[in-house]
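Asks: got a sequence here, can you build the structure:
(one chain, ligands or ions: 1)
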Amino acid sequence: MKKVVKFGGSSLADAKQFQKVADIIHADPDRRYVIPSAPGKRFDGDTKVTDMLYECYRIASAGGDYTEALNRIRERYEEIRTELDIKADLDKEFETIKNNIEAGAAVDYLASRGEYLNGILLSSYLGFEFVDPADVIFFNKDGVFDEARTDAVLPKRLKDLPNAVIPGFYGRAADGSVKTFSRGGSDITGSIVARGVHADLYENWTDVDGFLVTDPRIVDNPAVIRTLTYREMRELSYMGASVLHEEAVFPLRKEGIPVNVRNTNAPDAPGTMIVESTCAKPDYVITGIGGKKGFVSITIEKDLMNSEIGFGRKVLQVFEENGLSFEHTPSGIDTFTIYVSQEEFAPKEQNVIAGLHRAVKPDLIELESDLALIAVVGRGMRKTRGTAGRIFSALAHARVNVKMIDQGSSELNIIIGVENADFEKTIKAIYDIFVVTKI
Ligand code: ASP
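Replies: Got it, this is the predicted structure:
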């Protein structure tokens, strides 16, 4: 069995967390390849090292004195190094970083040093080989992850290493410079490495017990989802759940490698398994409830719309021309409604309305703002009768006025549109009916 294990920033924020991580790794010899993030927040209000590095870059690139900013970063690592008595030459590392800043190093280089330095410390602490991702993970000239080149190098480099620490978040660009993934990108590094070594399991260690059925800011102590499919995760991530970086799924899906999201601070909890497909029965009919506020609906009315060929295309073209992506398009015989993000729509509102008038000559255009969309997601819904009935009777009891209903053809989700003001109430009512009372 071969496992790739990724530890997020809060799992490696200080010496105490480093010890927990080492205990977890030493507890299972299959945990062979380790992907660290940069040190994260140690307490509420603390600053992540990556953010400190971006700030340091900002000062340096404006020609300011960045010494103080860089020193504060150094202190974070120095503290870990001295507390754990790690043999690592931080003087040399910071000298190199300083020289590179002076030579005009780019923002990605500086941002990547958070993971790089944490990798140096962790590899020495664990006694594992250090592999710099700049030597094994590549981007093409468009800045997109270069799978072919990475596949030709990464597996070979790791093949004969019993263990290794490979820092997350960055690789090498086509021009030879260091390039980072988007924020939270160490998750992607982990899945690239998992695929590269054909891992049996990718463990993603963080500071929560796994994927939660819903947002803990809305429901107290929501249940943990034990098994989640990639598709369910995609639906929930899109609707606001952020445990694993969205792009981390793609390399894993290609090989069907499962992910186990675990909590570094509660290592005995089983966490959430994310899998391609499963016969495992979900604990509840629904797997999760996600949601987002801030949508606007644009309803277009026109008599005999349903017989006008090309009507939908012309409407959507107006949105396309205005650079707006739409979320949902519920329609009736003579009405067509488009849901879009309010923030994106607001500055383009009048252009869109004028465009619609020109394109389809509607009888009426009606706008409704401050709407929320809630996604009830679950592979179990397909086999269960009455799920929708239960959702909507729960919402009627909670006195929520439902504005829109959309059941995806995969039957994996039901999307409900309500007013922003009813958002929390809606999620609580659905959670109650399926998870608390389990009826
Ligand atoms: N340290 C980087 C960030 O804060 C990458 C990561 O943690 O995955 O975004």
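
Asks: thought residue 11 was touching residue 17?
Replies: Yes - Residue 11 is in contact with residue 17 according to C-beta atoms under 8 Å; the separation is 5.6 Å. Placement of C-beta: from N, CA and C, glycine included.

Asks: shared neighbours of the two, anything?
Replies: residue 264 (C-beta atoms under 8 Å, 6 or more residues apart in numbering).

Asks: could you report the pLDDT at whichever residue of the stretch 151-300 of the chain sits closest to the ligand?
Replies: Nearest to the ligand in the stretch 151-300 of the chain, going by C-beta to the nearest ligand atom, is residue 186, at a distance of 3.2 Å. If you check residue 186, the pLDDT there is 97.

Asks: any idea how far residue 5 is from it?
Replies: Counting by C-beta to C-beta, to the nearest Å, the separation of residue 186 from residue 5 is 12 Å.

Asks: again, but for residue 396
Replies: Per C-beta to C-beta, residue 396 is found 47 Å from residue 5.

Asks: which one's more surrounded, the two?
Replies: Shown here are residue 396 and residue 5; by other C-beta atoms under 10 Å, residue 5 has more neighbours (26 against 12).

Asks: quick one: contacts of the host helix or strand of that one?
Replies: Element membership for residue 5 (DSSP states H and E) is strand 3-7. Contacts with strand 3-7, where a contact means C-beta under 8 Å, 6+ apart, come from 21, 24-25, 28, 30-37, 168, 186-187, 189-190, 193-194, 197, 199-205, 264.

Asks: all strands for the stretch 251-400 of the chain, in order.
Replies: Applying DSSP state E, counting those that start in this stretch to the stretch 251-400 of the chain gives strands spanning 259-263, 272-275, 288-301, 326-328, 335-341, 364-377.

Asks: so residue 33: helix, strand or coil?
Replies: Secondary structure assignment for residue 33 (DSSP: H, G, I helix; E, B strand; the rest coil): strand.

Asks: hang on, the earlier thing: give the contact list for the residue of the stretch 151-300 of the chain closest to the ligand.
Replies: 6, 8, 35-37, 115, 167-169.

Asks: at 10 Å instead, please
Replies: 6-9, 35-38, 50, 114-115, 118, 133, 166-170, 180, 204, 245, 248 (C-beta atoms under 10 Å, 6 or more residues apart in numbering).

Asks: of those, which belong to helices?
Replies: 50, 114-115, 118 (DSSP state H).

Asks: for the ligand, what are the nearby residues on the stretch 151-300 of the chain?
Replies: Proximity of the stretch 151-300 of the chain to the ligand, by C-beta under 6 Å from any ligand atom, involves residues 168-169, 183-187.

Asks: quick one: which of the residues you listed is nearest to residue 423?
Replies: Of all those, residue 423 sits closest to residue 184, with 24.6 Å by C-beta to C-beta.

Asks: neighbours of residue 356, how many?
Replies: For residue 356, using other C-beta under 10 Å, the count is 20.

Asks: if you skip the residues just before and after it, what's nearest to it?
Replies: residue 318 (5.3 Å; C-beta to C-beta, 6 or more residues apart in numbering).

Asks: contacts only, for the one you found.
Replies: 298, 300, 324, 338, 351-360.

Asks: which among those end up buried?
Replies: 298, 300, 324, 338, 352, 355-356, 359-360 (16 or more other C-beta atoms under 10 Å).

Asks: ok, so of these, who is nearest residue 109?
Replies: Nearest to residue 109 among the buried ones among the contacts of residue 318, with distances taken as C-beta to C-beta, is residue 324, at 35.3 Å.

Asks: how far away is the closest one from residue 124?
Replies: Distance from residue 324 to residue 124, by C-beta to C-beta: 50 Å.

Asks: how near is residue 428 to the ligand?
Replies: According to C-beta to the nearest ligand atom, to the nearest Å, residue 428 and the ligand sit 31 Å apart.

Asks: got phi/psi on that residue?
Replies: Dihedral pair for residue 428: phi -60, psi -40, per degrees, to the nearest 10.

Asks: quick check: it touching residue 434?
Replies: No - contact criterion C-beta atoms under 10 Å: residue 428 and residue 434 do not qualify, at 11.5 Å.

Asks: what do the two both touch?
Replies: 289, 394.

Asks: more neighbours, these two?
Replies: A direct count of neighbours by other C-beta under 10 Å for residue 428 and residue 434 places residue 434 higher, at 25 against 19.

Asks: quick one: contacts for that one?
Replies: 213, 223, 283-287, 289, 376, 378, 380, 387, 390-391, 394.

Asks: related to what we said a few turns ago, and which of the contacts of residue 318 is nearest residue 57?
Replies: residue 324 (32.7 Å).

Asks: residue contacts, the closest one?
Replies: 298, 316, 318, 338, 340-341, 344-345, 348, 351-352.

Asks: same thing with residue 202?
Replies: Per C-beta under 10 Å, 6+ apart, neighbours of residue 202: 3-6, 33, 35, 187, 190-191, 193-195, 244, 248, 251-252, 255, 257-261, 274.

Asks: secondary structure class for it?
Replies: strand.

Asks: if we can go back for a sec, which one of the contacts of residue 318 is nearest to the ligand?
Replies: residue 324 (27.8 Å).

Asks: hang on, the earlier thing: now, which of the residues of the stretch 151-300 of the chain next to the ligand lie within helices?
Replies: Counting by DSSP H, these contribute 186-187 to helices.

Asks: quick one on the thing from earlier: of the contacts of residue 434, which belong to helices?
Replies: Those of the contacts of residue 434 lying in helices (DSSP H): 387, 390-391, 394.

Asks: where does the stretch 101-250 of the chain dip in pLDDT?
Replies: Along the stretch 101-250 of the chain, no part satisfies pLDDT under 70.

Asks: quick one: the strands in it?
Replies: 129-130, 164-165, 170-172, 178-180, 201-206, 227-229.

Asks: pull up the pairing partners for the fifth one, direction included.
Replies: The strands beside strand 201-206 in its sheet (DSSP bridges) come out as strand 3-7 (parallel), strand 259-263 (parallel).
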